[in-house]
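Asks: This is a predicted model, with the sequence first.
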Amino acid sequence: DTAVSQTPKYLVTQMGNDKSIKCEQNLGHDTMYWYKQDSKKFLKIMFSYNNKELIINETVPNRFSPKSPDKAHLNLHINSLELGDSAVYFCASSQVAGSPLHFGNGTRLTVT
Amino acid sequence: EDQVTQSPEALRLQEGESSSLNCSYTVSGLRGLFWYRQDPGKGPEFLFTLYSAGEEKEKERLKATLTKKESFLHITAPKPEDSATYLCAVYSGGGADGLTFGKGTHLIIQP
């Protein structure tokens, strides 16, 4: 069973569109995250979330919003997509903040 | 702001040729240093966590060590299947409360 799964694996869309990426973890972890990996392979945190609190990296545009329907899911919604949003987006989870992260295999977003 | 610098950016070794990867960090109160391996098209895979200076962890051909300013990932007698990007990350509890990653070392082991 895949511990952290995200869909779709590839997403190609045009500027201005709104899209969502889904993430599910079956590890029973309390905390979930979204990371962005740019073309230089640099991983940067966007959000961390547990059932009590959402913490947002201050550099993330408010066009990006995480939504958590339950403890096992953290979806990423992106409004008004821009060319610079093209990247690989990784979902991750951990037992608690500061414990090892378990990553999904990423969603490659291409904005044309 | 936490900072992580990894060197070299890329390293090419012959099979069996041992070497070390470096991770230098600046944090306000280290609460954990993590090593990950990332293969192309995959998410990072957890290898080790180190919490205090002097701590060492080993797994097969890999050994991670930690000082107050840096960590090393030693690779002994590597095999081609050890080829990957190795990522270092730190946790201090600040910012967005996640790990801060370095840019990684791309390691290639030639047969």
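Replies: It's in.

Asks: name the element residue 16 belongs to?
Replies: Using chain A here. Under the criterion DSSP states H and E, no helix or strand holds A:Gly16.

Asks: Give me the neighbour count for it.
Replies: By the other CB atoms under 10 Å in any protein chain shown criterion, the neighbourhood of A:Gly16 contains 10 residues. C-beta here means a position set from N, CA and C on the backbone, and glycine is covered the same way.

Asks: again with the one 10 residues further on
Replies: For A:Asn26, the count of nearby residues is 12 (other CB under 10 Å).

Asks: That one touches A:His73, doesn't it?
Replies: No. Taking contacts as CB atoms under 8 Å, A:Asn26 lies outside contact range of A:His73: 10.5 Å.

Asks: Would you confirm that B:Phe85 belongs to a strand?
Replies: In this structure residue B:85 is Thr, not Phe. Yes. According to DSSP: H, G, I helix; E, B strand; the rest coil, B:Thr85 belongs to a strand.

Asks: Following the one helix or strand in chain A whose mean pLDDT sits lowest in sequence, what is the next regular element?
Replies: In chain A, no helix or strand scores lower on mean pLDDT, DSSP states H and E than strand A:54-56, which sits at a mean of 82. Where DSSP H and E defines the elements, the next helix or strand beyond strand A:54-56 is strand A:64-67.

Asks: Quick one: residues in contact with that following strand.
Replies: Outside of strand A:64-67, the residues within contact range by CB atoms under 8 Å, 6 or more residues apart in numbering or on different chains are A:Trp34, A:Met46, A:Phe47, A:Tyr49, A:Leu54, A:Leu74, A:Asn75, A:Leu76, A:His77, A:Ile78, A:Asn79.

Asks: mind giving me JSON lines with those and columns for secondary structure, neighbour count and distance to chain B?
Replies: Shown next, in JSON lines, are those (DSSP: H, G, I helix; E, B strand; the rest coil; neighbours: other CB atoms under 10 Å in any protein chain shown; distance: CB to the nearest CB, whole Å):
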{"residue": "A:Trp34", "secondary structure": "strand", "neighbour count": "25", "distance to chain B": "9"}
{"residue": "A:Met46", "secondary structure": "strand", "neighbour count": "20", "distance to chain B": "7"}
{"residue": "A:Phe47", "secondary structure": "strand", "neighbour count": "22", "distance to chain B": "7"}
{"residue": "A:Tyr49", "secondary structure": "strand", "neighbour count": "22", "distance to chain B": "9"}
{"residue": "A:Leu54", "secondary structure": "strand", "neighbour count": "14", "distance to chain B": "10"}
{"residue": "A:Leu74", "secondary structure": "coil", "neighbour count": "29", "distance to chain B": "13"}
{"residue": "A:Asn75", "secondary structure": "strand", "neighbour count": "18", "distance to chain B": "17"}
{"residue": "A:Leu76", "secondary structure": "strand", "neighbour count": "22", "distance to chain B": "14"}
{"residue": "A:His77", "secondary structure": "strand", "neighbour count": "13", "distance to chain B": "18"}
{"residue": "A:Ile78", "secondary structure": "strand", "neighbour count": "21", "distance to chain B": "17"}
{"residue": "A:Asn79", "secondary structure": "coil", "neighbour count": "14", "distance to chain B": "20"}
